[in-house]
Structure formats: C-alpha cells, structure tokens
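In: okay, structure incoming, though there's no sequence with it:
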C-alpha cells in the first residue's frame, strides 16, 4: 500500500515521468489521436505548440467555425515576423509530437491528418510547407538537415519531396531547367557540398514541367510506384492525408502516401540521412512554415492520428499492408 501511495503522489507532481519497465509497451507504440475538440491539445494526441522565435510569428486557435469532423478544428496562422535584414529567417506555426513519443528512425509508422487552406491560397513563387517528417539532430551536430519527407507548396500547387544523402546522379542538366528523366529515374536537386539531395516524388494535377526547375538532375536512388492519382488541388477543400514513413538511408526506406483515401505513390529506396550527429528517432510536425514574407497565411487542421497499424489511420481507403 505504501508503494502504491508513493507512486500516486509522484505521478501528481507536474513534469513527473514514470520510467517504463521491461514489460511495458514502448511509448512510441501508443495510438495517438486529436480531433481538436476542446480548448487545448488532447492528452491522447501527444501534441504541443513549440515556443521559439520562429514560432512567435505563428498562432494557434481551437475553434468551431471550420472543421472537417466533430465540433472543432485547429486554426494555425502566420504573420510577418522576420527582420528585413535576416536572410535565413523563417516563419512557422507548427505543431510537434512530444519528444517522449517519437518513433525510432528504423521503425515504420502511419500518420493521418486533415488540412484545409484558408482563402486566399498563396500563389507566388515562394517556399511553403504544410507538413514535414525529420530525423532528430543531436546537440552540436555539424550541419542542418532538411526533412526526409515534406508536403510543400509553390505557385499555389502541392508537391511532395524526399531527401537522402548525396548519391551520384544518373544525369545532370542545365541549372534551373527541369530535368526530363527516363524510366525508373526521379527528378532530383543535388547538393553534394552538404551530402544531401532532394527528390520530387509527387505533384498535384495543375503541376507543369517547368514548375520543377529546381530539380535539374535525375537519380535512381528510389523507386516510385505511381498509383494514378495526383495530389489534390489546395483550393479543393479539406484534404485528408495518410502517410506511412520508414526511413532507410541505406536503401531500405519505404513511404506510402494517400490523399482522401486514394493511393498517390509508393516510394522505396534511399530515404533519410545517416550523417554523424543525427539522433535515434524520427518525428513529425505540421502547420504553416515558410520563408520570410510580408502577408498573413492560415491553414486549418483536423483529425490527427498515429499508429503502427494502418487500419487505425487509413479509415477511408484500402491498406496496402497491416
């Protein structure tokens, strides 16, 4: 009885974390869900709004006027914040997974979330992201590492990119001219000086070849199975994304991307980074993120979920595997 009372008292202390015993389920195996129905993040969702300078450009609001299901949704907004002389500054309103719930980098996990673009949808040539998956970076690590998977927007069009360590390209064309790649090849932007490269893996139905001018080389570092469905138009209303992520810089990576219950692409091969100083876990964050700008930008999110089982996340489509 004394031990039980002592444990109860400890758990009542703010910030106390009960150590996992050998027979307990690892924290990353928990099913997470947040429908943003209340006035704060749901305990069972494992999410929070990070507080730093870039995030100070953003705001979040639990509201009921715009939602996909239930009685509420999350409004995430950005206002101009960066100093005009700060070239590398970005503006964000991103929601993060709690650190203790992050999934190991070599494990596969399913994510789902819904997003709606507020009017007007930005249509300029600028760097916009709405969701990204990254690897932890240990303190003191040399370099910055882009997300191994990102859902992006430029010129009012959605596209998806995958990053990995630099691999010699199959071919390289003229700078700022979109590559025309052969069968089994993928357009890529190579950055050998950073030991990184970014592959263009999916686009929406309005995408034109010249929109991918950054991707002027071709690689066979991944294999893409295109399921015949483009990414939705950002102006089409609510978009429900479902994503399976399993990084594998050694070539064992695997990504599945669905939108509104329809399979978009399957990607296998070199996915993610394996540089010195990188951490053991992957993590997900979502919300508006852009290079410094002069206007406001708002997105709405709903129905976040995460599970090791596809069936818990892909509720309106057919799972490719369990």
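Out: Alright, I've got the coordinates. Just so it is clear, the model here is predicted, and its values are computed rather than measured.
In: low-scoring pLDDT stretches of the protein, where are they?
Out: For the chain, applying pLDDT under 70 flags the ranges 1-23, 84-85.
In: report the central residue of it.
Out: Nearest to the mean C-alpha position of the chain, by CA atoms, centre = their mean, lies residue 132 at 2.1 Å.
In: correct me if wrong: that residue contacts residue 161.
Out: No - if you go by CB atoms under 8 Å, residue 132 and residue 161 don't touch, sitting 9.5 Å apart. Yep, even glycine has a C-beta here, placed from its N, CA and C like the rest.
In: mutual contacts of the two, please.
Out: Residues touching both residue 132 and residue 161 by CB atoms under 8 Å, 6 or more residues apart in numbering: 147, 149, 150.
In: selecting buried members of these in PyMOL, what would you type?
Out: Burial among the shared contacts of residue 132 and residue 161 is assessed by 16 or more other CB atoms under 10 Å; the matching PyMOL selection reads:
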select buried, resi 147+149+150
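In: are we agreed that the residue nearest to the centre of the chain is in a helix?
Out: No - membership of residue 132 in a helix is not supported by DSSP: H, G, I helix; E, B strand; the rest coil, which gives strand.
In: now the closest residue to it other than its chain neighbours: how far from residue 183?
Out: Excluding the flanking residues, the one nearest residue 132 by CB to CB, 6 or more residues apart in numbering is residue 147, at 3.7 Å. Distance check for residue 147 against residue 183: by CB to CB, to the nearest Å, it reads 27 Å.
In: likewise residue 87?
Out: The gap separating residue 87 from residue 183 is 40 Å, by CB to CB.
In: between the two, which has more neighbouring residues?
Out: For residue 87 and residue 183, the more surrounded residue by other CB atoms under 10 Å is residue 87, and the numbers stand at 9 against 5.
In: A strand includes that one, no?
Out: No - counting by three-state DSSP, residue 87 is not part of a strand but coil.
In: tell me the one among the shared contacts of residue 132 and residue 161 nearest to residue 316.
Out: Checking the shared contacts of residue 132 and residue 161 against residue 316 with CB to CB, the nearest one is residue 149 at 21.3 Å.
In: show me the contacts for the closest one.
Out: Residue 149 touches 132, 133, 160, 161, 162, 163, 243, 245, 255, 271, counting by CB under 8 Å, 6+ apart.
In: 6 Å instead, please
Out: 133, 162 (CB atoms under 6 Å, 6 or more residues apart in numbering).
In: excluding its backbone neighbours, what's nearest residue 210?
Out: residue 178 is the one closest to residue 210 (CB to CB, 6+ apart), at 5.8 Å.
In: check whether that neighbour really touches residue 212, as I assumed.
Out: Yes - between residue 178 and residue 212 there is a contact under CB atoms under 6 Å: 4.4 Å.
In: nice, that's everything, thank you.
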